[in-house]
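Chemist: Here is my input, please return the structure:
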Amino acid sequence: MIDYAIALVVAFLLLVGSLFALVAALGVVRLPDLYTRMHAASKAGTVGSGMLLFAAGVAAGEVSVFARALAGFVFFLLTAPVAAHLLAKAAHQSGYRLGPQSVRDDLAKR
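Modeler: Numbers count the residues shown, from 1 in each chain. Alright, predicted model coming up:
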C-alpha cells in the first residue's frame with residue numbers, strides 16, 4: 001500500500017514538473033523578446049526541473065538521494081532567478097530593446 005502511495009506521489013510530481021517544463025519551453029519559443037523569454041525559462045523552468053528532481057529523490061527511496069535532490073532544488077531556486085536577472089540587466093545595458101508589447105522601461109535613462 002505504501003509503495004502505491006509513493007508511486008502516485010512520484011507520478012504527480014513528474015506530471016506537474018513536466019507541465020512546468022513544457023510551459024517554459026513554449027514561453028521560450030512563443031514570447032516576443034529576450035526579457036519575457038528569459039522570465040519564462042527562469043521561473044517555470046526552475047519549478048519544473050525542481051519538481052522532476054524532487055520526484056527522482058522520492059522515487060529512489062534513499063535518504064541520501066533525496067537529500068541531494070533537495071539540495072539541487074534549492075540550488076536551482078537560488079541561482080536561476082539571479083542569473084536571469086543579471087543576464088537581463090546586461091542585455092539592457094548593451095542596448096537590447098524591449099518588445100513592442102512592453103508598456104514601460106523602468107531602467108531607461110531619464
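Chemist: All the helices of the chain, residue numbers only.
Modeler: Counting by DSSP state H, the chain has helices at residues 2-30, 34-60, 63-93.
Chemist: and the angle for the shortest one with helix 63-93?
Modeler: The reference is to helix 34-60. Interaxial angle of helix 34-60 relative to helix 63-93 (axes from the mean of the first three to the mean of the last three C-alpha atoms, to 10 degrees): 180 degrees.
Chemist: A7: neighbouring residues, count only.
Modeler: 12 (other C-beta atoms under 10 Å). To be clear about C-beta, it is placed using only N, CA and C from the backbone, and glycine gets the same treatment.
Chemist: State the distance from it to V63.
Modeler: The gap separating A7 from V63 is 19 Å, by C-beta to C-beta, to the nearest Å.
Chemist: which of the helices of the chain is buried the deepest?
Modeler: Across the helices of the chain, averaging neighbours per residue (mean count of other C-beta atoms under 10 Å) puts helix 34-60 on top, at a mean of 19.
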